[in-house]
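Asker: pasting the sequence and the predicted model now:
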Amino acid sequence: MNFIEVKCPTAPIRVVENQIYKVTNCCESTRIALNNISNVCVVICNGELMLSPEQLKKVDLSQSCVLSQLQPVDNIDVGIIQNDGYLETMNVGLKGELWSEIVCLSDRRAIACLKSYLSMTEFKNKFLFEAIQTMCKRQPLKVIDMGFSASKINNAKSLQRVTNENLG
């Protein structure tokens, strides 16, 4: 929040916080965020991802989609299965194509669909990929290869690894 206040003082950014994250999960955090916006297009990504502005510009905002990557990264482990270019299922441990932990919802209908699942009590303690997996049965989500690998920074070791990769 301090970074946003200092670096983006005029940007229309609203910060919302899931104060009970430790007893809920990212589904509840996403529900809170979606309930605090009126956007017609939303990009949701894991806050631990290290992404450059160039990488973010590659997100296609014109269609609801999940972004995938083929190159494995140690701490990204949700695999996806697609059918004719659309998400069929995603789960931990599936080998091959990986979910980059980025989803784009390009219209109010897609946002409302995800919000409807996130408002269900059964999703309060689930991971976001579980809600997206359920959502894709009602709302088609295109699978788009990002063309780069996202990296999660969740400890000093992963930060060092990514720093070394970017320098090398």
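Answerer: Received, thanks.
Asker: mind listing what's buried in stretch 35-54?
Answerer: 42, 44-46, 49, 51 (16 or more other Cβ atoms under 10 Å). In this view, the C-beta of every residue, glycine as well, is placed from N, C-alpha and C.
Asker: where in this protein is pLDDT low?
Answerer: 72-76, 155, 157-159, 161-168 (pLDDT under 70).
Asker: which residues of it fall in strands?
Answerer: 42-45, 49-50, 65-69, 78-83, 86-92, 98-105, 142-145, 151-152 (DSSP state E).
Asker: so what strands line up beside the last one?
Answerer: Here strand 151-152 is paired, per DSSP bridges, with strand 49-50 (antiparallel).
Asker: list the contacts of the partner strand.
Answerer: 100-102, 150-153, 162 (Cβ atoms under 8 Å, 6 or more residues apart in numbering).
Asker: what does stretch 78-97 give?
Answerer: 66, 68-70, 77, 98-99, 101, 129, 132-133, 136, 140-143, 145.
Asker: just to revisit the earlier point, now, which of the buried residues of stretch 35-54 sits nearest residue 27?
Answerer: Of all the buried residues of stretch 35-54, the one with the least separation from residue 27 (Cβ to Cβ) is residue 44, at 10.9 Å.
Asker: in this structure the closest one contacts residue 99, no?
Answerer: No - here residue 44 does not reach residue 99: they are 11.8 Å apart, not a contact under Cβ atoms under 8 Å.
Asker: follow-up on the earlier one: with distance to residue 88 and neighbour count added, can I get the contacts of strand 49-50 in JSON lines?
Answerer: Formatted as JSON lines, these follow (distance: Cβ to Cβ, whole Å; neighbours: other Cβ atoms under 10 Å):
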{"residue": "100", "distance to residue 88": "17", "neighbour count": "27"}
{"residue": "101", "distance to residue 88": "18", "neighbour count": "23"}
{"residue": "102", "distance to residue 88": "18", "neighbour count": "22"}
{"residue": "150", "distance to residue 88": "21", "neighbour count": "23"}
{"residue": "151", "distance to residue 88": "26", "neighbour count": "22"}
{"residue": "152", "distance to residue 88": "24", "neighbour count": "20"}
{"residue": "153", "distance to residue 88": "30", "neighbour count": "17"}
{"residue": "162", "distance to residue 88": "30", "neighbour count": "15"}
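Asker: out of those, what pair is the most spread apart?
Answerer: The widest separation within these (Cβ to Cβ) is 16.6 Å, between 102 and 162.
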